[in-house]
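Enquirer: I'll drop the sequence and a predicted model, then ask my questions.
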Amino acid sequence: MSSVVSRRFAALSRFLELISSLLAKATLAVSLLFSVGFILCLLLQIFFRYVVNAPLTWTGELAVFLFLWVVLLLASVGVRENFHVRLTVLTSYLGVRLREAVERCVVAAIAAFGVFMVFAGLRFVDLTWGNTSAAISYPLQALYMAAPFCGAAIAIHGLARLVSAQPLSRRDEGLPNVDSASDAGGNKA
């Protein structure tokens, strides 16, 4: 019976990893497009303000829209790639098993926060329904949909990391730690 459960758990883990991977790739592609749009908006604003001496009214608003989406989209990828903000002062002194348990609790809290973002974001979208932006007059719910969408992505990435067979407290994930550039003796690698 336990082998059936372990096979199903392994299948669930592979499925969530696949969904998380595809979602991260799509998120990175959209983030790249939005980043290019954000930079173009800023360059247009600078050009028209200082060269043409006729500032555009819509570029600043569009830049804020794109920037918000990029930040939240990349935050969700940060959960998947394990480069979210963290303090490792205490966990660096823990044993492997206890460090893994703490890391699982942290990832579970992050996934729960993603679920919270979904519900709170949907409520905020509902509250702003029908309102439009000042310069472009786009529906404000398009801006605020970033919260529930990215919250769902955070929850999916967090859940995929939780059910993964790989240990969560690996040092080679995410951005390098400050102390990872030196070996155990304190010498540079």
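Expert: Received, thanks. Numbering: from 1, shown residues only.
Enquirer: Please name the nearest non-neighbouring residue to the most centrally placed residue in the chain.
Expert: When Cα atoms, centre = their mean is applied to the chain, the residue found nearest the centroid is S76 (1.6 Å). Closest residue in space to S76, ignoring its immediate chain neighbours: A153 at 3.6 Å, by Cβ to Cβ, 6 or more residues apart in numbering. Just so you know, the C-beta spots here come from the backbone N, C-alpha and C atoms, and that holds for glycine as well.
Enquirer: Pull the number of nearby residues for S21.
Expert: Residues near S21, counting by other Cβ atoms under 10 Å, number 13.
Enquirer: From A160, how far out is it?
Expert: Using Cβ to Cβ, to the nearest Å, we find S21 at a distance of 8 Å from A160.
Enquirer: cool, A108 as well?
Expert: Distance of A108 to A160, computed by Cβ to Cβ: 12 Å.
Enquirer: Name the residues of the helix or strand V64 falls within that come out as buried.
Expert: Element membership of V64 [criterion: DSSP states H and E] is helix 59-81. Judged by neighbour count using 16 or more other Cβ atoms under 10 Å, the buried positions of helix 59-81 are 59, 61-63, 65-70, 72-80.
Enquirer: distance of the nearest residue to V30 once chain neighbours are set aside from A153?
Expert: Computed as Cβ to Cβ, 6+ apart, the closest residue to V30 that is not its neighbour in sequence is L73, at 6.3 Å. Distance, L73 to A153, by Cβ to Cβ: 7 Å.
Enquirer: hey, what's in contact with both of these two?
Expert: Shared contacts of L73 and A153 (Cβ atoms under 8 Å, 6 or more residues apart in numbering): T27.
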